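Student: show me the folded form of this:
(one chain, ligands or ions: 1)
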Amino acid sequence: MISSTQTRKPGHLPYRQAKFLCGATQHARFPSDQGREVAFAGRSNVGKSSAINTITGVRALARTSKTPGRTQQINFFQLDEERRLVDLPGYGYAKVPESIRQAWGTMVGNYLHKRRSLQGVVLLMDIRRPLTTLDRQLVDWCRAAELPLLAVLTKCDKLSRARARTARRETLSELNESGHEEEVTLFSATQREGIEEVRQHLDHWLSGE
Ligand code: GDP
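Tutor: Below you'll find the model as predicted:
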């Protein structure tokens, strides 16, 4: 059988085919660690579900991650047999008890360090408040695990063009002041901005080309 990787046109991964596969908190319950996957991370309410839905073109896809019982899980979405998108639980919600906060850290930290099929992380941050302490923690974990990272500034429609560009420039220099070369993209689900940039990164990470 010819694999879909060989028949696929460059730059056209089957995002619209994305389907919920499973949600889990433990390594043993994750899908088999084969093929390639990209994870989405960010604070609660940053616009992560809206971004996943917009990028895949499947309107209610990430709503699955918001159903009761699934919000603290790592949720896996399958694109095809070899590729997945992964929705990491949102963090930074003030009312979450300390025990859940710690469980989040252990689960997400372990996932980022141990998951061999993980090819890259999309870190979503509200353009009006990027690089909070927990965002930086995530950046540090990705760097420690040598995972490529794309920073996405969400809800950029909330700022004027000029302010959005300034926010991007500032985030870029803060992020890369230690000599790293991570990219920063402006994104708006409501204005459908930045979708192509994010898809290009996903295409690259998920196809290995
Ligand atoms: P999540 O908790 O990170 O999954 O965030 P959601 O996708 O549920 O979005 C949280 C809130 O932000 C909702 O009220 C959305 O309507 C709003 N939101 C999401 N994306 C955008 C965007 O691009 N622009 C604006 N203005 N609001 C957005």
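Student: can you pull the residues of this structure lying near the ligand?
Tutor: Residues of the chain lying close to the ligand (C-beta under 6 Å from any ligand atom) are 42, 44-50, 90, 154-155, 157-158, 188-190. All C-beta atoms are positioned from the backbone trio N, CA, C, and that covers glycine.
Student: how many neighbours does Pro89 have?
Tutor: For Pro89, the count of nearby residues is 24 (other C-beta atoms under 10 Å).
Student: after the longest helix seen in the chain, which helix or strand is next?
Tutor: As assigned by DSSP state H, the longest helix anywhere in the chain is helix 98-114. As assigned by DSSP states H and E, the chain's next helix or strand after helix 98-114 is strand 118-126.
Student: mean confidence score for that following strand?
Tutor: Averaging pLDDT along strand 118-126 gives 98.
Student: just the buried residues of that strand, please?
Tutor: The neighbour-count check on strand 118-126 (16 or more other C-beta atoms under 10 Å) flags 118-126 as buried.
Student: same question, stretch 37-56
Tutor: In stretch 37-56, counting by 16+ other C-beta under 10 Å, buried: 37-43, 46-56.
Student: so what's Val46 up against?
Tutor: Counting by C-beta atoms under 8 Å, 6 or more residues apart in numbering, Val46 touches 90, 124-126, 154.
Student: one more time with 10 Å, if that's ok
Tutor: 40, 90-92, 123-127, 129-130, 132, 135, 152-155 (C-beta atoms under 10 Å, 6 or more residues apart in numbering).
Student: buried among these? Make that a PyMOL selection.
Tutor: Restricted to buried positions by 16+ other C-beta under 10 Å, the PyMOL selection for those reads:
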select buried, resi 40+90+91+92+123+124+125+126+127+130+135+152+153+154+155
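Student: tell me which of the contacts of Val46 fall in helices.
Tutor: Short answer: the contacts of Val46 in helices (DSSP H) are Asp135.
Student: which residues make contact with stretch 64-76 from outside it?
Tutor: Against stretch 64-76 from outside (C-beta under 10 Å, 6+ apart): 19-27, 29-31, 37, 39-40, 44, 48-49, 52, 61-63, 77, 84-90, 93, 96, 100, 103-104, 107-108, 111, 115.
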